[in-house]
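Asker: fold the following for me, if possible:
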Amino acid sequence: MNPANRRILLVDDMPSIHDDFRKIFAPQSARPELNEAEDAMFGEAASKPCGNFELDCAYQGQEGAAKVEASLQAGLPYAMAFVDMRMPPGWNGVETIERLWQIDPRLQVVICTAHADQPWEEILERLDVRDRLLIVKKPFDMIEVSQLARSLTAKWALARQAESQVQGLEQAVRELKATESALRQSNEELEVFAHSLSHDLRSPLGIVRSFSGLLASELEGDISDKARHYLARIQASAALGERLIEGLLVLDRVSRAPLSIEPLDLSAMARRVLDELRRADPQRDVAIAVQEGLSAQGDRRLVQIAMRELLDNAWKFTSRREEALIEVGSQAGDNGEPVYFVRDNGCGFDMAYADKLFRPFQRLHPVHEYPGTGVGLITASRALDRYGGRCWADTRPGEGATFHFTLPSAPSPQLARRNRDSAPEADS
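Answerer: Below you'll find the predicted structure:
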């Protein structure tokens, strides 16, 4: 389809009107005075494009409809049609336009008439006019007709370009949805695989750790230092593998668990986690400051997982401080909603590597200095993301770290739908 379509159909029962239109749209104009008038009004180039139009004529509505249908079948549609209102003994202008639009709804139409047999309001209502019908009263001005032809054929071309762009966008959206669906399915399959693999690996690793411990006890006194070292390494690696698998299973549960929103006392939650850390590591002397009255709305299990991972991170990275300090509090964000934080005076890190923090198995410190699995912070981030929150860090090497996080007052409708579509919680 030619986007610069300049094909015009005239439907009028008067031969003299056909002659007038041929004079306007003939390749060599028979009206030099018309060209001169147009040049004066629109500039020199205004009168030149008339010769580029292709005019077809019909004397009755039935003939016009047949020409429109034939043009579509040939792949050469008309851009516009001039239609007379009275054309006895056949269809009148309204009937003709209705038939033309049944065949080609894209056709731009101009009614040419001296008067109508019924009120124009009724005519326009019957034709359900939107943006494809204009009215020109006879006797019409030839310059006006030529300008209508230029404008409406250009409009037809622009409308086709817009349709093509919309179709391209719709196709792009369809492809994007298909890609999204395939990606979602792939992610679900990977999650199921990771969950199954983690379950399958946990049991043999537990057996390795247990039997290596039994072997060390059985050989106590009859074992060399080197063999004892080997067994200790086996036990430590098996224990690390178990912790890593447990971390992956927690991450899997975070990604798949349904949400249950309720009021949360974050101050009490933080104190409980810190008390557990103290009991597990009683030789540590850590100063703790938890702001009173920290509250939010959220899923208790997910927020508790995030809080535990952030506080465990702070506890671990202050282990080399003689006077360790961990703070939990909140401050007003840019939009007025609270931004919570977990702050420590530990080793900190270079913000140039901050993008690695919330990726699985990424470490910014050697494992022999600060042991861990590398899935704690990604678990915290994903738990907050499930509720529409976010987590980010602010730190400098040797000056501690502050992890900020948000918890929206309520999840968005889109997030609620996404979480409703989540798979059921996996067994641990």
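Asker: roughly how far does the residue lying closest to residue 305 once chain neighbours are set aside sit from residue 259?
Answerer: The shortest distance from residue 305 to any non-neighbouring residue, by Cβ to Cβ, 6 or more residues apart in numbering, is to residue 383 (4.8 Å). Where C-beta positions appear, they are placed from N, C-alpha and C, glycine not excepted. Using Cβ to Cβ, to the nearest Å, residue 383 is found at 11 Å from residue 259.
Asker: quick one: mean pLDDT for stretch 78-93?
Answerer: Averaged over stretch 78-93, pLDDT sits at 91.
Asker: can you point out the buried residues in that stretch?
Answerer: Buried residues in stretch 78-93, counted by 16 or more other Cβ atoms under 10 Å: 78-85, 87, 91-93.
Asker: and the furthest pair within those?
Answerer: 79 and 92 (23.2 Å; Cβ to Cβ).
Asker: strands along the chain, start to end?
Answerer: Secondary structure of the chain (DSSP state E): strands at 7-11, 54-58, 80-84, 108-113, 133-137, 261-265, 286-290, 295-299, 324-332, 338-344, 391-395, 401-405.
Asker: mean confidence for the fourth one?
Answerer: Confidence for strand 108-113, expressed as mean pLDDT, is 89.
Asker: helices or strands up against that strand?
Answerer: Packing partners of strand 108-113 (3 or more Cβ pairs under 8 Å, 6 or more residues apart in numbering; DSSP states H and E): strand 80-84, helix 93-103, strand 133-137, helix 142-218.
Asker: ok, now with 6 Å
Answerer: Applying 3 or more Cβ pairs under 6 Å, 6 or more residues apart in numbering; DSSP states H and E, one finds that strand 108-113 contacts strand 80-84, strand 133-137, helix 142-218.
Asker: same question, the last one
Answerer: The elements that strand 401-405 packs onto, with contact taken as 3+ Cβ pairs under 6 Å, 6+ apart, are strand 338-344, strand 391-395.
Asker: one step back: out of the strands of the chain, nearest to residue 318?
Answerer: strand 324-332 (3.7 Å).
Asker: send the alpha carbons of the closest one over as PDB?
Answerer: Extracted in PDB, the C-alpha atoms of strand 324-332 (Å, rounded to 0.1, in the frame of the first residue of the first chain):
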ATOM      1  CA  ALA A 324      31.400  -2.900  68.200                       C
ATOM      2  CA  LEU A 325      28.200  -0.900  67.700                       C
ATOM      3  CA  ILE A 326      25.000  -1.900  66.000                       C
ATOM      4  CA  GLU A 327      22.100   0.500  65.600                       C
ATOM      5  CA  VAL A 328      18.500   0.000  64.300                       C
ATOM      6  CA  GLY A 329      16.300   3.000  63.600                       C
ATOM      7  CA  SER A 330      14.400   5.000  61.000                       C
ATOM      8  CA  GLN A 331      14.400   8.400  59.300                       C
ATOM      9  CA  ALA A 332      12.000  10.300  57.000                       C
END
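Asker: can you check what angle separates that strand from strand 286-290?
Answerer: 10 degrees (axes from the mean of the first three to the mean of the last three Cα atoms, to 10 degrees).
Asker: quick one: distance of strand 324-332 to the chain centre.
Answerer: 35 Å (Cα atoms, centre = their mean, to the nearest Å).
Asker: the inter-axis angle of it versus strand 338-344?
Answerer: Using the same axes, to 10 degrees: strand 324-332 against strand 338-344 is 170 degrees.
Asker: name the residues of strand 324-332 that are buried.
Answerer: For strand 324-332, the buried set under the neighbour-count rule, 16+ other Cβ under 10 Å, comprises 324-330.
Asker: got those as CSV, with distance to residue 284 and pLDDT columns?
Answerer: Output for these, formatted as CSV (distance: Cβ to Cβ, whole Å; pLDDT from 0 to 100):
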residue, distance to residue 284, pLDDT
324, 7, 91
325, 12, 94
326, 11, 94
327, 16, 94
328, 17, 95
329, 21, 94
330, 25, 92
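Asker: the residue lying closest to residue 267 once chain neighbours are set aside: neighbour count?
Answerer: Take residue 267 and drop its neighbours on the chain: the residue closest to it by Cβ to Cβ, 6+ apart is residue 294, 4.4 Å away. A count of nearby residues for residue 294, using other Cβ atoms under 10 Å, gives 18.
Asker: ok, residue 294 touching residue 266?
Answerer: Yes. With contact defined as Cβ atoms under 6 Å, residue 294 reaches residue 266; the gap is 3.8 Å.
Asker: in this structure, which residue is closest to the centre?
Answerer: residue 176 (9.3 Å; Cα atoms, centre = their mean).
Asker: against residue 223, how distant is that residue?
Answerer: 62 Å.
Asker: now swap in residue 229 and tell me
Answerer: From residue 229 to residue 223 the distance is 10 Å (Cβ to Cβ).
Asker: who has more neighbours out of those two?
Answerer: In terms of neighbours (other Cβ under 10 Å), residue 223 is the more surrounded of residue 229 and residue 223; the figures are 15 against 11.
Asker: where does pLDDT dip in the stretch 101-250 of the chain?
Answerer: 115-118, 120, 129-130, 189-202, 240, 242-250 (pLDDT under 70).
Asker: ok, back up a step: redo the buried residues of stretch 78-93 as a markdown table? Include distance to residue 69.
Answerer: Supplementary listing: the buried residues of stretch 78-93 in a markdown table, determined by distance: Cβ to Cβ, whole Å:
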| residue | distance to residue 69 |
| --- | --- |
| 78 | 11 |
| 79 | 16 |
| 80 | 16 |
| 81 | 13 |
| 82 | 18 |
| 83 | 16 |
| 84 | 20 |
| 85 | 22 |
| 87 | 18 |
| 91 | 15 |
| 92 | 20 |
| 93 | 18 |
